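**Q** only geometry, no sequence info:
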Ligand code: NG1
Ligand code: ZN
């Protein structure tokens with residue numbers, strides 16, 4: 001390890017004095033102008049992680065659904081997964097080290113993790129369309145080369161595409177070819193094979209309007225479109241040619257404001273969906289004949305997918321265990337429907353896909369989705385092999401079902417939640433089952449809900465347990481929430497510090513929108529009073 005070279009290069013990526021950042025749920029995320037040193041140092045860290053795992057490591061430059069002025073960076077582990085927890089700590093240490101301590105911190109990490117410094121390192125890099133992303137990804141490359149690592153810069157990619165590249169490269173091409181072309185071909189082939197089986201239901205139902213949040217999803221969907229156009233025609237909105245990234249559009253906007261994005265022409269009963277800024281989330285929605293807006297969120301996506309997978313397994317006659325993983329943000333109606341009607345076991349984990357992903361790995365088939373539309377279905381390696389074998393061996397109807405299962409498995413990006421891949425799975429299932437978006441939406445009725453944010457001096461005063469559904473500190477907060485919840489019917493509320501923003505998030509649901517709004521507001525006031533609120537007291541805003 002040439003530490004002299006590191007020190008020399010680091011001088012041109014100097015850390016601003018006093019700046020402390022934390023590797024959170026989605027890596028580092030803040031204003032783009034504060035991130036140059038972090039990028040350089042994550043290039044260094046990726047090299048150490050690559051040497052330790054003897055595998056290709058990914059570095060993605062994006063701030064997802066956050067404002068265009070922000071940026072961020074996260075490392076992707078060998079099987080396309082989020083960085084291991086002990087390395088998240090190293091990332092935080094390295095990002096916050098003063099210039100003179102940089103060498104020592106690098107040596108410490110190498111020793112703690114028994115990194116063989118003679119080992120080769122290979123890093124793949126991707127970035128979103130933010131104006132700051134190109135320069136910041138160049139800083140990552142400076143870090144990689146300063147430590148003698150080799151790299152491939154993919155340039156513009158969706159986050160899930162970078163996960164896919166990492167996964168492909170570390171499984172010797174068995175999963176697919178590590179190029180965008182390979183990604184398009186793999187997904188489109190599985191999609192077309194699946195939809196071939198659908199009884200023709202007219203062209204109308206095979207078209208979809210997509211709000212691309214003015215982000216990378218637009219570029220990549222446009223590249224991919226002609227690969228699957230026989231089965232689905234997509235009409236892109238907010239494609240980045242005019243509007244600003246994530247501004248009044250995108251999956252996060254639609255989900256949190258519960259209204260359509262700007263710039264989308266919606267006709268009644270037309271199927272529409274929104275991606276977020278780096279295309280790893282998707283939500284669906286439509287206007288009914290009366291002009292009412294209906295959101296079909298991650299919970300309903302998980303329901304559609306797990307129901308269909310369960311049907312296929314029944315058809316094949318295989319008793320593989322299938323589980324759904326959610327977070328506390330999952331609508332209460334979805335959990336009840338899955339458990340009581342679908343008879344699918346449901347588990348709740350902390351927020352952040354890495355927690356859901358981890359839990360989903362415990363099942364033969366684990367379907368995980370956050371309510372905001374981030375998720376996928378995971379098939380264990382043993383099950384993957386079994387399904388491929390059944391698709392060859394079984395006869396007639398059973399074989400057809402096994403083939404479909406195989407196609408669906410290939411269509412999911414098993415390395416990460418992926419808006420494009422999820423969209424194709426959903427479109428295929430709707431076509432195969434002959435379902436309209438309204439029929440899908442009618443599986444169950446969401447409980448009215450509201451999410452709010454409260455600013456506090458230090459959000460770490462709030463700690464939680466029971467997958468974030470109960471506040472342990474500050475004293476008295478949980479009791480206050482319990483008392484408020486008792487005032488409303490079918491109600492539930494919880495609070496937690498955000499892992500990506502400097503706020504406390506409040507969630508409430510109840511039997512009517514007025515009750516959900518009012519409960520969320522009252523809980524916000526309790527947080528403001530008991531957890532050190534700053535600025536203006538929360539106002540009832542609905
Ligand atoms: P935080 O800021 O920790 O709530 C948000 C989302 C997560 C996840 C991460 C990463 C909500 C309530 N939270 O986390 O689900 O997507 O961002 O992007 O949607
Ligand atoms: Zn995202």
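**A** Great, that's in hand. Model, not experiment: these values are computed from the prediction. Numbering: from 1, shown residues only. Ligands and ions are numbered 1, 2, ... in the order given.

**Q** what segments of the stretch 251-400 of the chain are strands?
**A** 272-275, 282-287, 293-296, 322-327, 346-349, 365-369, 375-379 (DSSP state E, counting those that start in this stretch).

**Q** to residue 534, which of the ones you listed lies closest?
**A** Nearest to residue 534, of all the strands of the stretch 251-400 of the chain, is strand 322-327, at 26.8 Å by C-beta to C-beta. Using the backbone N, CA and C atoms, a C-beta is placed for each residue, glycine as well.

**Q** okay, angle between that closest one and strand 365-369 too, please.
**A** Between strand 322-327 and strand 365-369, the angle comes out at 20 degrees (axes from the mean of the first three to the mean of the last three C-alpha atoms, to 10 degrees).

**Q** tell me how far strand 322-327 lies from the chain's centre.
**A** 15 Å (C-alpha atoms, centre = their mean, to the nearest Å).

**Q** where's the residue of the stretch 1-150 of the chain found nearest ligand 2 relative to ligand 1, distance?
**A** Nearest residue of the stretch 1-150 of the chain to ligand 2 (C-beta to the ion) works out as residue 64 at 3.2 Å. Taking C-beta to the nearest ligand atom, to the nearest Å as the measure, residue 64 falls 5 Å from ligand 1.

**Q** quick check: the nearest residue in space to that residue that is not next to it in sequence vs residue 49, distance?
**A** Once flanking residues are discounted, residue 64 sits nearest to residue 278: 4.8 Å by C-beta to C-beta, 6 or more residues apart in numbering. Per C-beta to C-beta, to the nearest Å, residue 278 is found 21 Å from residue 49.

**Q** over to residue 436?
**A** Residue 436 is 46 Å from residue 49, by C-beta to C-beta.

**Q** which one of those two is surrounded by more residues?
**A** Of the pair residue 436 and residue 49, residue 49 is the one with more neighbours under other C-beta atoms under 10 Å, namely 27 against 14.

**Q** that one sits in which helix or strand?
**A** Element membership for residue 49 (DSSP states H and E) is helix 36-53.

**Q** got the residue ranges for the helices in the stretch 201-350 of the chain?
**A** 216-228, 251-257, 298-316, 332-336 (DSSP state H, counting those that start in this stretch).

**Q** nearest to ligand 2, out of those helices?
**A** helix 251-257 (8.0 Å).

**Q** outside of the closest one itself, which residues are in contact with it?
**A** For helix 251-257, the surrounding residues in contact (C-beta atoms under 8 Å, 6 or more residues apart in numbering) are 65, 211, 213, 246, 260-261, 274-276, 281-283, 285, 295, 297, 371-373, 419, 451.

**Q** which residue is nearest the centroid of the chain?
**A** residue 374 (3.8 Å; C-alpha atoms, centre = their mean).

**Q** quick check: that residue touching residue 297?
**A** No. In this structure residue 374 lies outside contact range of residue 297 using C-beta atoms under 8 Å: 10.6 Å.

**Q** show me the shaky parts of this protein.
**A** Low-confidence segments of the chain, defined by pLDDT under 70: 200-205, 542.

**Q** who in it is up against ligand 1?
**A** Neighbours of ligand 1 within the chain, by C-beta under 6 Å from any ligand atom: 25-26, 64, 329, 351-352, 370, 372, 374, 498-501, 505.

**Q** can you count the residues close to the nearest residue to residue 266 once chain neighbours are set aside?
**A** Computed as C-beta to C-beta, 6+ apart, the closest residue to residue 266 that is not its neighbour in sequence is residue 287, at 5.1 Å. A count of nearby residues for residue 287, using other C-beta under 10 Å, gives 16.

**Q** can you give me the buried ones in the helix or strand where residue 431 lies?
**A** Assigned by DSSP H and E, residue 431 belongs to helix 419-433. Neighbour counts over helix 419-433 (16 or more other C-beta atoms under 10 Å) mark 419-432 as buried.

**Q** count the residues that sit near residue 170.
**A** By other C-beta under 10 Å, neighbour count at residue 170 equals 22.

**Q** list the contacts of it.
**A** 55, 56, 78, 79.

**Q** quick one, phi psi at it?
**A** phi -90, psi 0 (degrees, to the nearest 10).

**Q** please report the distance of it from residue 415.
**A** 10 Å.

**Q** same thing with residue 59?
**A** 15 Å.

**Q** residue numbers of the chain in contact with ligand 2?
**A** 64, 276, 278, 280 (C-beta under 5 Å from the ion).

**Q** so can I have a markdown table of those residues showing neighbour count?
**A** Shown next, in a markdown table, are those (neighbours: other C-beta atoms under 10 Å):
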| residue | neighbour count |
| --- | --- |
| 64 | 27 |
| 276 | 34 |
| 278 | 33 |
| 280 | 32 |
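
**Q** quick one, strands of the stretch 101-250 of the chain?
**A** Under DSSP E, counting those that start in this stretch, the stretch 101-250 of the chain gives strands at 122-127, 150-156, 207-211, 233-237.

**Q** of those, flag the one that's most buried.
**A** Mean neighbour counts were taken over the strands of the stretch 101-250 of the chain using mean count of other C-beta atoms under 10 Å, and the top value, a mean of 25, falls to strand 122-127.

**Q** what strands line up against that one, and which way round?
**A** Applying DSSP bridges to the sheet, strand 122-127 is found paired with strand 56-61 (parallel), strand 150-156 (parallel).

**Q** what's the spacing between it and its chain's center?
**A** That offset, for strand 122-127, works out to 19 Å (C-alpha atoms, centre = their mean).

**Q** can you report how many residues neighbour residue 117?
**A** 16.

**Q** and it, what are its phi and psi?
**A** Here residue 117 shows phi and psi, under degrees, to the nearest 10, equal to phi -70, psi -10.

**Q** do I have it right that it meets residue 47?
**A** No. Assessed by C-beta under 8 Å, residue 117 is found out of contact with residue 47, at 9.7 Å.

**Q** confirm that residue 72 sits in a helix.
**A** No. Residue 72: not assigned to a helix; according to DSSP: H, G, I helix; E, B strand; the rest coil it is strand.

**Q** so who does it touch?
**A** Residue 72 neighbours (C-beta under 8 Å, 6+ apart): 26, 27, 28, 29, 30, 35, 61, 62, 63, 64, 66.

**Q** and those residues as a markdown table, adding secondary structure?
**A** Shown next, in a markdown table, are the contacts of residue 72 (three-state DSSP):
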| residue | secondary structure |
| --- | --- |
| 26 | coil |
| 27 | strand |
| 28 | strand |
| 29 | strand |
| 30 | strand |
| 35 | coil |
| 61 | strand |
| 62 | coil |
| 63 | coil |
| 64 | coil |
| 66 | coil |
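
**Q** buried among the residues you listed? Need that as a selection in PyMOL.
**A** Paste this into PyMOL to select the buried members of those, with burial taken from 16+ other C-beta under 10 Å:
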select buried, resi 26+27+28+29+30+35+61+62+63+64+66
